[in-house]
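Visitor: What shape does this take:
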Amino acid sequence: MTVRLVLYGAGALAREIVDVLERLNAHATAIELQASIVDPGIDAPETFRGRPVVRDVRTFAGDDSLRFVVALGEPGPRARAVAHLRSEIGARFATIIDPGALIGASSRIGAGAVILGHSSITADAQIGDHVLINPGCTVAHDDVLEDFATLSPGVHLAGHVQVGEGAFLGTGACVIPKIRIGAHALVGAGAVVIRNVAPGQTVFGNPARPLRRG
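Guide: Alright, predicted model coming up:
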């Protein structure tokens, strides 16, 4: 059975996802891109990868055969887009996993999650809905990534790490075991996190320290 997919977004992440679709189709997982959605007022061409670019999500109302993936890299816009799709058309979401990613059989992946190539998720990890894991990440045993969490390329999480809803970890960040990163926290690129990060807090450096303002 072919999955009929609509992407919300037509930028860099959407292009990466289309490349994943080609690899999945080569591995006999049939997914066919139908269209992309771009918000009104956003500059975008009329087509994306040969498919129409649509400005109004209600175009897809009543078609229960469609599945959606939000191709927006930032957690906040991704969460807002998901809420918009749900409220307007009751959208249902697909999970996209690059065939080059390694996923432990005991781990669980939520709806709408996107896991790009050369990432590794080991044993008993829990990946929430609409999580984005970029290329080259390590998610070790018993980690929990709550909904809309985002790992930039090359992030490495040791075991028993918890990443709160909507938290964002920058490129190359590393987290030692049993650390909690709070909801909507921001971990800077290259940071080494050895202490818990409070919700909404921004940390950076090695070892990671809170950003002081003023």
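Visitor: Grab the nearest non-local neighbour of the residue nearest to the spatial centre of the chain.
Guide: In the chain, the residue lying closest to the centroid (C-alpha atoms, centre = their mean) is residue 132, at 1.6 Å. In this structure, residue 132 finds its nearest non-sequential neighbour in residue 150, 4.7 Å apart by C-beta to C-beta, 6 or more residues apart in numbering. C-beta coordinates here come from the backbone N, C-alpha and C atoms, glycine included.
Visitor: surely the one you found meets residue 127?
Guide: No: using C-beta atoms under 8 Å as the test, residue 150 is too far from residue 127 to be in contact (11.7 Å).
Visitor: so after the strand or helix carrying residue 80, what's the next helix or strand?
Guide: In this assignment (DSSP states H and E), residue 80 forms part of helix 75-89. Scanning forward in sequence from helix 75-89 by DSSP H and E, the next helix or strand is strand 96-97.
Visitor: partner strands of whatever helix or strand comes next after that following strand, parallel or antiparallel?
Guide: Once the chain leaves strand 96-97, the next helix or strand it forms, by DSSP H and E, is strand 102-103. In the sheet, strand 102-103 lines up against strand 120-121 (parallel) (DSSP bridges).
Visitor: Return the list of helices and strands in contact with the helix or strand just after the strand it pairs with.
Guide: Using DSSP H and E, the helix or strand that follows strand 120-121 in sequence is strand 126-127. On a contact count with 3 or more C-beta pairs under 8 Å, 6 or more residues apart in numbering; DSSP states H and E, strand 126-127 meets strand 108-109, strand 144-145.
Visitor: and strand 126-127, what's its mean pLDDT?
Guide: Across strand 126-127, the average pLDDT comes to 98.
Visitor: Break the protein into its domains for me.
Guide: Listed domain ranges for the chain are 3-94, 96-203 (source: automatic domain parsing).
Visitor: what's the most buried one of these?
Guide: domain 96-203 (a mean of 20; mean count of other C-beta atoms under 10 Å).
Visitor: And that one, end to end?
Guide: 30 Å (C-alpha to C-alpha, to the nearest Å).
Visitor: Now do that domain: distance to the chain's middle.
Guide: Taking C-alpha atoms, centre = their mean, to the nearest Å, one finds the center of domain 96-203 at 10 Å from the center of the full chain.
Visitor: picking that back up, which residues touch the residue nearest to the centre of the chain?
Guide: 13, 73, 75, 78, 113-114, 149-151 (C-beta atoms under 8 Å, 6 or more residues apart in numbering).
Visitor: switch the cut-off to 7 Å
Guide: 73, 114, 150-151 (C-beta atoms under 7 Å, 6 or more residues apart in numbering).
Visitor: Turn these into JSON lines, columns for pLDDT.
Guide: Below are the contacts of residue 132 laid out as JSON lines (pLDDT from 0 to 100):
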{"residue": "73", "pLDDT": "97"}
{"residue": "114", "pLDDT": "98"}
{"residue": "150", "pLDDT": "98"}
{"residue": "151", "pLDDT": "98"}
